[in-house]
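Novice: Compute the structure for the input listed below.
(chains A and B)
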Amino acid sequence: MEPSGVRFFDIRRVRSASTHVDIDNGVVDSAGISFSDSSVIRVLGPLGWGVVSLDHFDPASAKAREAVLERGLALAQITERKVNLAPALSGLLPVPTLREDPRTVSLEEKTRLLSAIAAAARVEGVVSTRAQYTERAEQVSFLDSSGNEGEYRVVRSGFSVLAVASRDGIVQMGRESRHSLTGLNLRHQEALGREAGERAVALLAAPVPKGGRLRAVLDPELAGVFAHEAVGHASEGDLVLEGSSVLQGKVGERIGAETLTIVDDPTLPEFGFEPMDAEGVLPSRTEIISRGRVAAYLHNRETMAALGHGVPGHARAMEGDAPIVRMSNTFIENGDATRDEVLEECGEGILLIGSRGGQVDPGRGVFQFNAEYGYRIQGGSATTLVRDVSLSGEILATLHDIILLAKDRAMHQGYCGKGGQSVPVSDGAPHMLLDRAVVGGAGGG
Amino acid sequence: MPVVGERGFSAGDLERVIRAGERVADEVEVYLAEGRSVSAELQRDRIDRAEESRSWGMGIRIITGERIGVSSTGDPGAWERCLRAAVDSAHLATPQEWKGLPGPAPLAGEAPCFDPAVDPSPDAAREILWRMREGVAAHPDASITSGSATLSRATLTLANSNGLERTAERTECGCSLEAICGQSTGSEFDQSPFRDIDPVRVGEQAGFLAVHSAGGEPVADGRYPVILSPVAVAQLLAYTVVPALSGRNVHAGRSRLAPLLSTRCMNPALVLRDDPFARGLGATSWDAEGVPTRRIDFVREGTLLAFAYDLKTAYRYGKETTGSAVRGGAGGSPSIGMHVLVLDGKRSDITRERALYVHDVVGAHTANPMSGDFSVECQNAAWMEGGTPGDPVRKAMIAGNFFDALSDLGGIGTDSRIVGNAIIPSLRLTNLQVIGA
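Specialist: Have a look, this model is predicted:
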């Protein structure tokens, strides 16, 4: 029996085993497994939410459940805004099959494979290497007061390798990482380690460019971060509802070229895949920008009810936290040019490659992100290597500046932080040409 | 007395884990973190949710044959599995020089980290939100987009097989508010171990920033003097200088500061220290390995004097621990960190002569941790002269090298505030590249 005054409740429990290996300069610094078990209970009272988060809670115990619902209701008493939930189709997508289940591979073997990647990064000129493996096996169970239930298991794993080169007081780094939802990805990756090492060494001699407004070509990884930072966050229904998104009130409006379509799709078997969203909703694809026009926002049930335009199914949560509206696999659809045509069209400018991350203020509509490295583009081809280049811009102005898209979209994996929660995502795009990009750099030329 | 928590992990239980650990390893350490926090959130101007979180976690570290193993669990009943996982973990680690976990040793004093007035209750959280709302009302053109208030209380216990047993109670209080005026945003926060945060001022300041930054004008590309607020300084420090002070990075070849020990590599006016007894969020009298904490002077009069060490790194490289071990929670191993990083030095009025004042930066985490190069977007930038904020700037990127900036410093402001685990003043940088729009 639920206490009176409870309009709705749901319980999401995540049990997990996390494995890590950390190899620092050839030494296995630490390797091991940790366990956790957290539940989040949301209670919708007469107005808003009361949320209780507990370690090691057993939802099967009727007594424990009653007590926690009472507590949730008591918390909800201080709320002032009436929250309504849109109806949604509950359901569960099949989780992609693991090609090689990381849990069946011994920690010894993982450590050996990771060591080989780290060793490959130690090319001449490299003074330090660090390689890390992370694996997380989750068992998620969900139930709500409407009778919806679901349970699934998912295993995510991946690695990163960092190489540091140093000469005459200059220190530079090269970094590569790959994460996977479909099984162990540690085998035959020495080439990536080598690439990180060689890049660190090459960057020692690379100049920092002078910042300013110029034409920029973004590689698929960085253009994916652009889609995520510049458009994805501003389309999140909770931010739109708060009034802190420049996309508020823009549905149907043209904000970019006819060729521009930006999508978030949690059903894709990429790193941001969700078989069931954190409110038990069956996930589906959302076209945020469709042929240059704002088409929809990303929603949970609450923002869907308040705003419309889109579908619920975009609620996600880190273990132990309450669900919020999040991206999953976010990408810009292919255009029809080749990479070479994009560079040629650019003429004079800069090619930005890889990502050291980014950030956005969606209310002000300003974003910033940093490339791992880049090349000057002269006469339509990539020439000299440059380092420490970043890009910033105003979302609405920059979208109109996307003037050409290639047809070579690729997805890259990462983690996205919002509201103190970090969730696995993937971003992607084809090579993309930006006119009048604001490129930051402290160099002299 | 070790914590006897609601989950019923008694002094006897803790003793049992240590004894079981001693049977399978040379040494064992158990870390218990138990906490309760209550938070509430504003969506626009009204409270739409309140949350309570109760957490319990245990981390076990064992040392056997100079190999270190770790594991953690959130289930008090699963400690035996956790202990086994820690032993398995040790088998994989590369053996290293190890001279033992610390025994009981006197602490240097009491750290200001607990305030009995911090009561994690929904009413207390609501009160803070209401005060922030009052503050914003001073700027009728600004509206709230979101806000939050959190109060938390935790009990930490550390015990090991060398007879060490320490317990500390900690509290934390924090609030933040985001406001908007047209397309101009402003955000402000306050945080403290004590119930001395000022939510009215937070609301007022967020509202002021949103309103004052509206209608900003473009700035021409060029080199300008720039004043970074404590918040902007803290962010850039955290991603450049702080990792470079870690002994682990120093010895692993990942610190630009490694070859500069005992040299004057920063401005002579500058002081940088970890002061675990300062009134900041990470204040503590013992570190995450139970070692008594002490003040570490990293930089004095611009000269680099020390790096930070935990036991593992100190043993590995023949150094002494500086009591710098920290933990993010019960999970994982202790690592090197700061307790309360204090930036200090000769203070002066740095706002008298015209400069671009930057309240916050977007993208500090993309700075290059090896070289210190950064190029970040400004939040709420405005020209400042004679101590008052003047014309706002619509959009600007600033780029430079943070190590070099600390060397060419134009002055240290008379203000200081808590930003995360640091207490930081504003800084004047003499000659920074600014890219307008």
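
Novice: Tell me the bridge partners for residue B:186.
Specialist: On the basis of DSSP bridges, residue B:186 is bridged to residue B:179.

Novice: contacting residues for residue B:346?
Specialist: Applying C-beta atoms under 8 Å, 6 or more residues apart in numbering or on different chains to residue B:346 gives the contacts B:269, B:412. Just so you know, the C-beta spots here come from the backbone N, C-alpha and C atoms, and that holds for glycine as well.

Novice: One more: residue B:213?
Specialist: Residues in contact with residue B:213 (C-beta under 8 Å, 6+ apart) are B:181, B:184, B:185, B:186, B:380, B:381, B:382, B:392.

Novice: tally of neighbours for the third one?
Specialist: It refers to residue B:185. 25 (other C-beta atoms under 10 Å in any protein chain shown).

Novice: my guess is it contacts residue B:207, does it?
Specialist: No - counting by C-beta atoms under 8 Å, residue B:185 sits too far from residue B:207 to count as a contact (11.0 Å).

Novice: Between these two, which contacts overlap?
Specialist: Joint contacts of residue B:185 and residue B:207 (C-beta under 8 Å, 6+ apart) are residue B:179.

Novice: any chance of the contacts of residue B:213 in a markdown table, plus secondary structure and pLDDT?
Specialist: Below are these laid out as a markdown table (DSSP: H, G, I helix; E, B strand; the rest coil; pLDDT from 0 to 100):
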| residue | secondary structure | pLDDT |
| --- | --- | --- |
| B:181 | strand | 97 |
| B:184 | strand | 96 |
| B:185 | strand | 96 |
| B:186 | strand | 97 |
| B:380 | strand | 96 |
| B:381 | strand | 96 |
| B:382 | strand | 96 |
| B:392 | strand | 97 |
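
Novice: Max pairwise distance over those: which two?
Specialist: Distance extremes for the contacts of residue B:213: the farthest pair is B:181 and B:381 at 15.7 Å, using C-beta to C-beta.

Novice: Get me the contact residues on the stretch 301-437 of chain B for chain A.
Specialist: Neighbours of chain A within the stretch 301-437 of chain B, by C-beta under 8 Å from any C-beta of the partner chain: B:331-333, B:362-363, B:365-371, B:373-377, B:379, B:395, B:397-401, B:433, B:435, B:437.

Novice: Next up, phi/psi of residue B:244, please.
Specialist: Residue B:244 adopts backbone torsions of phi -70, psi -20, taken as degrees, to the nearest 10.

Novice: Measure how buried it is and give me the count.
Specialist: Neighbours of residue B:244 (other C-beta under 10 Å): 23.

Novice: Surely it and residue B:255 touch.
Specialist: Yes - assessed by C-beta under 8 Å, residue B:244 is found in contact with residue B:255 at 4.2 Å.

Novice: and residue A:39, what are its bridge partners?
Specialist: In beta-bridge terms (that is, DSSP bridges), residue A:39 pairs with residue A:13, residue A:54.

Novice: now it: how far from residue A:143?
Specialist: 11 Å (C-beta to C-beta, to the nearest Å).

Novice: Please say which of the two ends up with more neighbours.
Specialist: residue A:39 (22 against 18).

Novice: From what I see, that one and residue A:15 are in contact.
Specialist: No - look at residue A:39 against residue A:15 with C-beta under 8 Å: they stay out of range, at 9.4 Å.

Novice: beta partners for residue B:222?
Specialist: Following DSSP bridges, residue B:222 is listed with bridge partners residue B:434.

Novice: Pull up the per-residue confidence for it.
Specialist: Residue B:222 is assigned 93 on the pLDDT scale.

Novice: who in the stretch 151-300 of chain A is up against chain B?
Specialist: Counting by C-beta under 8 Å from any C-beta, the stretch 151-300 of chain A sits next to chain B at A:164, A:166, A:169-173, A:208, A:211-213, A:238, A:241-244, A:246.

Novice: wait, what's in contact with residue B:383?
Specialist: Residue B:383 touches B:354, B:355, B:356, B:357, B:389, B:390, B:391, B:393, counting by C-beta under 8 Å, 6+ apart.

Novice: can you pull up the bridge partners for it?
Specialist: residue B:356.

Novice: quick one: the helices in the stretch 251-400 of chain B?
Specialist: Using DSSP state H, counting those that start in this stretch, the helices of the stretch 251-400 of chain B run over residues B:311-317.

Novice: re earlier: pull up the overlap in contacts between residue A:39 and residue A:143.
Specialist: A:11, A:59.

Novice: Buried residues, stretch A:321-332. List them.
Specialist: By neighbour count on 16 or more other C-beta atoms under 10 Å in any protein chain shown, the buried set for stretch A:321-332 is A:321, A:322, A:323, A:324, A:325, A:326, A:327, A:328, A:329, A:330, A:331, A:332.
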